[in-house]
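In: what shape does this take:
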Amino acid sequence: MKVTKAQVQENRQRIVETASVLFREHGYDGVGVAELMAAAGFTHGGFYKHFGSKADLMVEAVGCSFAQSAEKTTDVDIADFVQLYLSRQHRDAPGDGCTMAALCADVARQPESLKAAFLTGIENQLATMAHKDAALSESAQHEARADRIAILAHVVGAIALSRACPDDSPLADEILQVCRSRILNQLAGINLDVNSHHTN
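Out: Numbers count the residues shown, from 1 in each chain. Have a look, this model is predicted:
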């Protein structure tokens, strides 16, 4: 029976979504094409009907995982974002979590095409976090972006450090608690809410 174009697209999307989870869990070198295809419910031989190479799939998976993160954080207050991000739940579930915390170190050793896709994803995440910035003056928008970059780097680094510790180690939780507290205290001081900024 001939597979419809819609079914082909659905199958491709399932492979991309499966890969985005497995890459976050195991890293790019920690999972092979055969394993990816089996997890998605397909045979190894079908891979090249959809993708030219594993690298092509890696780029699409990055876009998929960033889109999932953006969907979860749209309209989320920055303080709530920090609370959710620096939680034990996020720390312990890399496959469903932020691709930046899971794969930054891996991406640094990958081809430029993947770095470019990652850059786009980071910019999109920053834009999602800036949903209240439209009413700000140009200088205030610049400062708010700098604050978001600093916060994003802080939370990503905190999750990465915590995950590098044994799951049952006190330090794994301490890193999350300390960084969460410091960032929230910082936010209380600078208040990134649009209503606190002067627009002139």
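In: C-alpha only now, for contacts and for neighbours.
Out: Fine.
In: okay, now S139: neighbour count?
Out: For S139, the count of nearby residues is 11 (other CA atoms under 10 Å).
In: which helix or strand contains it?
Out: Here S139 sits within helix 138-164, counting by DSSP states H and E.
In: could I get the buried residue list for that helix?
Out: Neighbour counts using 16 or more other CA atoms under 10 Å place 140-141, 144-145, 147-148, 151-152, 154-163 of helix 138-164 among the buried residues.
In: could you do stretch 127-134 as well?
Out: 127-130, 132-133.
In: show me the helices in this structure, by range?
Out: Counting by DSSP state H, the chain has these helices, from start to end: 5-26, 33-40, 54-73, 78-85, 88-91, 99-107, 112-129, 138-164, 170-190.
In: closest to F47 out of these?
Out: helix 33-40 (6.9 Å; CA to CA).
In: what separates that closest one from the chain centre, distance-wise?
Out: Distance of helix 33-40 from the chain centroid (CA atoms, centre = their mean, to the nearest Å) equals 22 Å.
In: per-residue pLDDT of N191, please?
Out: On pLDDT, N191 comes in at 61.
In: correction: the previous question concerned D92.
Out: 97.
In: could you list the low-pLDDT ranges of the protein?
Out: 1-2, 190-200 (pLDDT under 70).
In: one more time with 90, if that's ok
Out: Across the chain, the ranges flagged by pLDDT under 90 are 1-8, 44-46, 68-78, 127-144, 187-200.
In: distance-wise, check S69 relative to P170.
Out: From S69 over to P170 the distance is 28 Å, taken as CA to CA, to the nearest Å.
In: more crowded one of those two?
Out: A count of neighbours by other CA under 10 Å puts S69 above the other of S69 and P170, at 19 against 11.
In: CSV for the buried residues of stretch 127-134, including distance to S87?
Out: Listed next are those as CSV, based on distance: CA to CA, whole Å:
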residue, distance to S87
A127, 23
T128, 20
M129, 18
A130, 22
K132, 24
D133, 26
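In: right, and the helices of the chain - which one's nearest G46?
Out: Closest among these, once you apply CA to CA, is helix 33-40, at 8.0 Å.
In: flag every buried residue along the closest one.
Out: By 16+ other CA under 10 Å, the buried positions in helix 33-40 come out as 33, 35-37, 40.
In: which elements pack onto that helix?
Out: Here helix 33-40 touches helix 5-26, going by 3 or more CA pairs under 8 Å, 6 or more residues apart in numbering; DSSP states H and E.
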